[in-house]
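In: Sequence below, structure please.
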Amino acid sequence: MTLEEKIVFFSHEDATDFQKYLREKDCESRINVEHEFSGEPYFEGTIAEFLHLIDLLIKKEEDEGEEDADLLLMKKDIEERRTKLQEFIKEHVAGDILRDATPSQMLAQAEKLEATNDEELKRDATDRFVSSLMILATLEDNDLLEEGNDEYILKDVKSADDLRIMYAYNDFPEVSGDELKACNISSHIRTSSVTQYVITTGADIVYADADELSEYLDNVDVDEEEAGKFIDAIFFKQAIVGKIRELIADGCSSEVKLLDALSAPAFPLEGTNDVISFDITPEYLKVVLADLRKLGLISGKDGKIKNT
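Out: Next up is the predicted model:
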């Protein structure tokens, strides 16, 4: 049905809780489990090997009388990354316990950053936070971390130059197989799966209180952008359903008359200073009217449409 709407959850529990909430609001819904599997190709090598490759590519550009600003930025990024890793390695030995470094602890630090009003302090703390995340991710990718009881244990230390990193194919300009081989850079295709719980509401979602739905979704673990699109879509559909019923009450009893009336530049939104316009196709109007008949909101064939 066209007036149905969908929202994606990444937790089965959250999806079933929302379905229960909708049921309490007399809104039908169903849950579909969807699995996505995708892969992204990367170049993989040590920090030293990547710096070697970038120097080769920069020289090739210079020989052709060109300069690639992206390559220069990438080189600077890797060198800064190496410096931060070198500083960390100098201060640690194998067996060190890394406290304040688990995901939950890092999240708590991020929340503290948001709470401070000192912008300079926030910038410095944010830089340290991002640096810590990079170091932990690099150590984990190199199998140098062991997870303990709400802490990480440093299993071993390596030279920063010998730590392996990855860059997406798209981050590099055209690079030949010989250049990759000369620098010992290999390809690594990283695949991942995502399980999604897709809730599809019934067309009766047009009866729901959009503000109450928004408040509910503000307090659960759902993608903020996804929730925003869901609420907006419901609001838009409620607006067009309300306008169609209003036009029918004013005597528009056919699809042609409704489509003509809906083509007005804009309509005021009740209780606000805002306006809304509808640019819809005859095909869309037809299926919306079909849904409204199923909901029992309108009746009658084309030319004799009326509210019920």
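
In: Following the chain past the helix or strand in which Lys294 is found, name the next helix or strand.
Out: According to DSSP states H and E, Lys294 maps onto helix 282-295. Heading C-terminal from helix 282-295, the first helix or strand you meet, by DSSP H and E, is strand 298-299.

In: ok, then the element right after the helix or strand Ser38 falls within?
Out: Taking DSSP H and E as the definition, Ser38 sits inside strand 29-46. Per DSSP H and E, the first helix or strand lying C-terminal to strand 29-46 is helix 47-63.

In: Let me know the angle separating that next one from strand 29-46.
Out: For helix 47-63 against strand 29-46, the angle by axes from the mean of the first three to the mean of the last three Cα atoms, to 10 degrees is 80 degrees.

In: Show me what counts as buried in the biggest helix by length in the chain.
Out: Ranked by residue count, the top helix of the chain under DSSP state H comes out as helix 224-249. Neighbour counts over helix 224-249 (16 or more other Cβ atoms under 10 Å) mark 227, 230-231, 233-235, 237-241, 243-245, 247-248 as buried. For glycine as for every other residue, the C-beta is placed from the backbone atoms N, C-alpha and C.

In: Which stretches in the chain count as strands?
Out: 6-9, 29-46, 97-98, 145-147, 152-154, 164-168, 186-201, 267-268, 275-276, 298-299, 306-307 (DSSP state E).

In: how many neighbours does Gly251 have?
Out: 9 (other Cβ atoms under 10 Å).

In: again, but for Leu144
Out: Residues near Leu144, counting by other Cβ under 10 Å: 18.

In: care to break the protein down by domain?
Out: Domain assignment for the chain by automatic domain parsing gives 6-28+202-307, 40-189.

In: rank the ones you listed by pLDDT, which is bottom?
Out: Of all the domains of the chain, the minimum mean pLDDT falls on domain 40-189 (a mean of 86).

In: residue boundaries of the helices in the stretch 51-200 of the chain?
Out: 69-90, 103-115, 119-141, 177-182 (DSSP state H, counting those that start in this stretch).

In: a markdown table for these, including mean neighbour count and distance to Asp171?
Out: Formatted as a markdown table, these follow (neighbours: other Cβ atoms under 10 Å; distance: least, Cβ to Cβ, whole Å):
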| stretch | mean neighbour count | distance to Asp171 |
| --- | --- | --- |
| helix 69-90 | 15 | 7 |
| helix 103-115 | 11 | 25 |
| helix 119-141 | 14 | 16 |
| helix 177-182 | 12 | 14 |
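
In: Could you dump the ones you listed into JSON lines with distance to Asp274 added?
Out: Output for those, formatted as JSON lines (distance: least, Cβ to Cβ, whole Å):
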{"stretch": "helix 69-90", "distance to Asp274": "43"}
{"stretch": "helix 103-115", "distance to Asp274": "31"}
{"stretch": "helix 119-141", "distance to Asp274": "34"}
{"stretch": "helix 177-182", "distance to Asp274": "56"}
